[in-house]
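Chemist: Take a look and give me a structure for this.
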Amino acid sequence: MTKLLTQRPSPQTLLTQIISNNQLVTEVQSLDAGTLKKIIRRIGLEDSSELLMLLTSEQLQEVMDLDVWTSPRAGVDEELDPERFCTWLEMLLEIGSDFAADKVAEMDEDLLASVFSSLVMVMNSDELAAMSENIDEDDSFRNRYLEKALESIYSLEIDDSLVMTKSSYQWDTLSNTLIGLQKKHRDLLDRLLRRLELITFDQIDEYDGLSNLLREREFLKEDLRDRREQRREQEGYVSPSAAVSFLKLIEQSSLQDLLQASEADPVSKMYFRNFKPQKIRPAAPLSDELSQLLKTSGVRTESSPLQLNAPSGSVSETRASLASLREKDPELFSQKILELNFLANVLVSGYAPQGKRRLRPVEALEFVLKTCDHGRRVAVKAQQPIHPENLIKAFQAGWKDTQGSKK
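Modeler: I've put the predicted structure just below:
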């Protein structure tokens, strides 16, 4: 008997089924950024303009923020990808120049300055002309800079500012974005051009002008990344560098020190000091129709709640203590769930088992529960049992005994 094979719907089919169903359109407009990113990745950003039109401004900003910051592997802090950002600009322009200009106007100005300064130079037209007329044979830096500017074959003049690049890559997207801002958001464009001129000309008269110029760009990128990490930490995320620090502190400490510690470690202490619970918006559960559509399309969703019942045939002290706590002290139970969230985010951000792919959130949560269970057994063996509600210490003991011993 021949086995029937089920064919996964194509990305275009997924998009068509969403935009042609009013109920799904309404549901998409309430999805969290993480789920939207997975859908867009499945469809392909370059083919997602019709989906982007459906998103609220807040959704669009959040999913862009997730998508344009990338990290090559677990434990490495994310970096802004200007090329990916330009692809987003291209899709917004495909919807319409006015639409794109309005969405860009809502973005962080530091973000715009960082992207544009990495791809173009902006110089005041009058100053550029004066430089070309007064070339100083002794000023090699100024001459090299002027030569680079004059070699630019793609340029756009906006009033007294000249935007230039030598590369055709993304030039149409960048120039059309600026033209759209000139039409609808002139004040923003003026501020952006002035900033780009300052980045271009900063310290140009100094002896070490080139190095200062490069540092100025790096300072902007660093400040942008730091502010983003602070914002995400307030929402409950753990940065890769913080996650790695937390795990390294465990590995560098003795088991006895971990078990006898009377204070929280500095990483988790800072996390809970910065964390703002009110900023967390619980994700709405997916309808059966959308859930099935995404599943058959290969879009993995992981919105199932924590299951406190242990799998059949297994015993989990951590699960049992949490289940009991939920009944007798709901407020403390909520605090413990936040600790589980912290530990799971540590693994998602900072750990990849044996160089493999990063753990998914559900996998990380299960890993945390098993590690806590193991940590309790390790503590009992060391005759220093851990209180059932001390999840972080139980995790530290379990991690030290398993992962730490591999170092």
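Chemist: can you map out the helices along the stretch 301-407 of the chain?
Modeler: 317-328, 330-350, 361-381, 391-402 (DSSP state H, counting those that start in this stretch).
Chemist: for the stretch 151-300 of the chain, same thing?
Modeler: 171-184, 186-201, 209-234, 240-252, 255-260, 266-274, 288-296.
Chemist: out of the ones you listed, which comes closest to residue 13?
Modeler: Nearest to residue 13, of all the helices of the stretch 151-300 of the chain, is helix 288-296, at 9.6 Å by CB to CB. Where C-beta positions appear, they are placed from N, C-alpha and C, glycine not excepted.
Chemist: Go through that closest one and flag the buried ones.
Modeler: Using 16 or more other CB atoms under 10 Å as the test for burial, helix 288-296 gives 290, 293, 294.
Chemist: Isn't the last one up against residue 43?
Modeler: This points to residue 294. No: using CB atoms under 8 Å as the test, residue 294 is too far from residue 43 to be in contact (11.3 Å).
Chemist: Report the set of residues contacting both of those two.
Modeler: Counting by CB atoms under 8 Å, 6 or more residues apart in numbering, the shared contacts of residue 294 and residue 43 are residue 14.
Chemist: low pLDDT regions in the stretch 51-200 of the chain?
Modeler: 129-152, 166 (pLDDT under 70).
Chemist: picking up where we left off before, of all the helices of the stretch 151-300 of the chain, which lies closest to residue 121?
Modeler: Residue 121 sits nearest to helix 186-201 of all the helices of the stretch 151-300 of the chain, at 5.1 Å, using CB to CB.
Chemist: So which residues make contact with the closest one?
Modeler: Counting by CB under 8 Å, 6+ apart, 105, 109, 112-113, 116-117, 120-124, 127, 158, 161, 163, 178, 181-182, 213, 216-217, 220 sit against helix 186-201.
Chemist: and if you look at stretch 70-83?
Modeler: 68-69, 84, 111, 114-115, 118-119, 169-170, 221, 224-225, 229, 239-241, 243-244, 348-352, 358.
Chemist: Give me the distance between the two termini of it.
Modeler: This stretch, stretch 70-83, spans 11 Å end to end (CA to CA, to the nearest Å).
Chemist: Tell me how far it lies from the chain's centre.
Modeler: 8 Å (CA atoms, centre = their mean, to the nearest Å).
Chemist: For it, buried residues please.
Modeler: Applying 16+ other CB under 10 Å to stretch 70-83 flags 74, 75, 78, 80, 82 as buried.
Chemist: what's the answer for stretch 235-250, then?
Modeler: By 16+ other CB under 10 Å, the buried positions in stretch 235-250 come out as 236, 237, 238, 239, 240, 242, 243, 244, 245, 246, 247, 250.
Chemist: Name the surrounding residues that touch that stretch.
Modeler: Identification of contacts with stretch 235-250 by CB under 8 Å, 6+ apart yields 71, 74-78, 229, 232-233, 258, 265-268, 270-271, 275-276, 279-280, 338, 341-342, 345-351, 396, 399-400, 403-404.
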